[in-house]
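Visitor: One predicted model, sequence on top.
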Amino acid sequence: MTDASEPLEVWCVGEEWCPITTTASVIGKKWHPVLVHRLLENGPSGFNELKTNVDGISSKVLSDSLEDLQENGLVEREVISEQPFRVQYSLTERGASLETVIDAMKEWGQTHLTEPEDDSAQQV
């Protein structure tokens, strides 16, 4: 797991577009920005609470996504109790620093996206 205080590894050093590519590789997966958004809005949350708040995500994908976000130092996992076993996920300082990025994504979507005209339209 990456220490949230250490910079993320860059794999395309020297290229002017590298910070964009590195950031996209960390938050560019389908559910990652949604999970960060939910944790920004709701604060620390348990697994089932996140699953409820992220409509359409499977338990396996949620688990894998949270693990990936932990490995990149954006989310931390804390065991709340052993009996019954409960964990809580929260944003690290690095994860919380994405708030302006997530807000910009939301604003862009509200400005440029529209609802499908019929039920047969494919969702991305």
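Guide: It's in. The structure displayed is predicted, hence computed values, not measured ones.

Visitor: Could I get the full set of helices for the chain?
Guide: 18-27, 32-42, 47-53, 59-71, 93-96, 99-112 (DSSP state H).

Visitor: Would you mark the buried spots in the fifth one?
Guide: Within helix 93-96, the residues that qualify as buried by neighbour count (16 or more other CB atoms under 10 Å) are Arg94, Gly95. For glycine as for every other residue, the C-beta is placed from the backbone atoms N, C-alpha and C.

Visitor: what's the answer for the fourth one, then?
Guide: For helix 59-71, the neighbour count (16+ other CB under 10 Å) marks Leu62, Ser65, Leu66, Asp68, Leu69, Gln70 as buried.

Visitor: show me the contacts for Ala24.
Guide: Counting by CB atoms under 8 Å, 6 or more residues apart in numbering, Ala24 touches no other residue.

Visitor: Let me know the pLDDT of it.
Guide: Confidence at Ala24, expressed as pLDDT, is 87.

Visitor: pLDDT score for the nearest residue to Pro33 once chain neighbours are set aside?
Guide: Leaving aside its chain neighbours, Pro33 sits nearest to Ile27 (5.4 Å; criterion: CB to CB, 6 or more residues apart in numbering). On pLDDT, Ile27 comes in at 89.

Visitor: What is the neighbour count of Ile27?
Guide: 18 (other CB atoms under 10 Å).

Visitor: Leaving out the residues flanking it, which one is nearest to Val54?
Guide: Using CB to CB, 6+ apart, the closest residue to Val54 is Val34 (5.6 Å).

Visitor: same check, this time on Ile80
Guide: The shortest distance from Ile80 to any non-neighbouring residue, by CB to CB, 6+ apart, is to Arg86 (4.3 Å).

Visitor: In this model Val79 seems to touch the one you found, though I could be wrong.
Guide: Yes: under the criterion of CB atoms under 8 Å, Arg86 makes contact with Val79 at 7.4 Å.
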